[in-house]
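Q: with the input below, show me the fold.
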Amino acid sequence: LAIGASLAGFVTAKSRAEETAKTWFKENENGLRDRLKNLEDDVVSMAEQARKTIERTRQKAMAEAEKNLSSASGSAPTQVSPETKASLTEADTALKDKPESQYTYSDWNIRAYAAHSNKNLALAAEYWGNAAQAQDASDLDIAKALVNQGIAFEQGKQTDKALASFEEVTKRFGTSLAPELQEPVARALINQGNNYEICKQTDK
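A: Predicted structure coming up:
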């Protein structure tokens with residue numbers, strides 16, 4: 001009898017607890033949903049802020065890398081800051097999980113700058129060549145990629161390949177009246193002339 005009474009009491013207490021819990025959840029359902037929605041919004045906002053921060057850091061790294069390369073000509077690759085190198089390497093690593101068949105111009109450009117920052121000139125030149133062939137590449141993108149490819153070849157002492165890249169720029173865009181193409185065409189002409197001089201000296 002004592003055991004039966006204890007079991008009955010337990011069952012009754014359990015039922016009351018369940019009923020109390022159901023009542024509490026029912027009374028607070030709207031408040032809980034609001035709190036969960038706020039938490040979801042906070043997580044989404046934090047993720048977006050993190051994405052923007054990463055993107056700003058990446059853009060800053062690309063800007064420094066582009067500036068260093070634009071001032072280079074025939075010399076060894078200029079050293080970028082450790083922060084820039086780390087950012088480019090991180091972006092490059094992230095892209096390795098993406099099929100190359102889905103790469104955009106920007107993807108190939110990032111990988112090229114990452115390779116160049118690690119002084120892997122042959123790989124950088126290959127990636128810039130791929131960037132110039134990307135389906136979404138504009139004329140300006142193509143011209144810049146080919147100039148960068150030529151500089152990478154030039155720095156790697158591959159004069160013939162460097163000349164081919166610079167000549168491709170002048171051949172395709174040398175007569176263009178588009179203002180934005182004047183700068184890469186001018187760079188290609190200057191570097192083309194420098195490499196002709198190198199070839200003459202080598203022949204001598």
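
Q: which residues are in contact with the helix or strand hosting residue 114?
A: Using DSSP states H and E, the element containing residue 114 is helix 105-117. Helix 105-117 has contacts (Cβ atoms under 8 Å, 6 or more residues apart in numbering) with 58, 62, 65-66, 69, 77, 80, 84-85, 88-89, 91-92, 95, 98, 121, 123-125, 127-128, 130-131, 134, 136-138, 141, 145, 148, 152. Heads up, the C-betas are built off the backbone N, CA and C, glycines and all.

Q: so what's the residue count around residue 145?
A: Residue 145 sits with 26 neighbouring residues when counted by other Cβ atoms under 10 Å.

Q: now the helix or strand encompassing it and helix 105-117, what's the angle there?
A: Using DSSP H and E, residue 145 sits within helix 139-155. Helix 139-155 runs at 20 degrees relative to helix 105-117, counting by axes from the mean of the first three to the mean of the last three Cα atoms, to 10 degrees.

Q: may I have the helix or strand following helix 139-155 exported as PDB, CA atoms only?
A: Next helix or strand after helix 139-155 toward the C-terminus (DSSP H and E): helix 159-173. Extracted C-alpha coordinates of helix 159-173, given in PDB (Å, rounded to 0.1, in the frame of the first residue of the first chain):
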ATOM      1  CA  THR A 159      61.800  37.800 -71.000                       C
ATOM      2  CA  ASP A 160      60.200  36.200 -74.100                       C
ATOM      3  CA  LYS A 161      57.000  35.400 -72.200                       C
ATOM      4  CA  ALA A 162      57.000  38.800 -70.600                       C
ATOM      5  CA  LEU A 163      57.100  40.400 -74.100                       C
ATOM      6  CA  ALA A 164      54.300  38.200 -75.300                       C
ATOM      7  CA  SER A 165      52.100  39.400 -72.500                       C
ATOM      8  CA  PHE A 166      52.800  43.100 -73.000                       C
ATOM      9  CA  GLU A 167      52.400  42.700 -76.800                       C
ATOM     10  CA  GLU A 168      49.000  41.100 -76.300                       C
ATOM     11  CA  VAL A 169      47.900  44.200 -74.300                       C
ATOM     12  CA  THR A 170      49.100  46.600 -77.000                       C
ATOM     13  CA  LYS A 171      47.700  44.400 -79.800                       C
ATOM     14  CA  ARG A 172      44.200  44.200 -78.300                       C
ATOM     15  CA  PHE A 173      43.800  47.600 -76.700                       C
END
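
Q: could you check the angle helix 139-155 makes with helix 159-173?
A: Using the same axes, to 10 degrees: helix 159-173 against helix 139-155 is 160 degrees.

Q: buried ones in helix 159-173?
A: Neighbour-count burial for helix 159-173 flags 159, 161-170, 172-173 (criterion: 16 or more other Cβ atoms under 10 Å).
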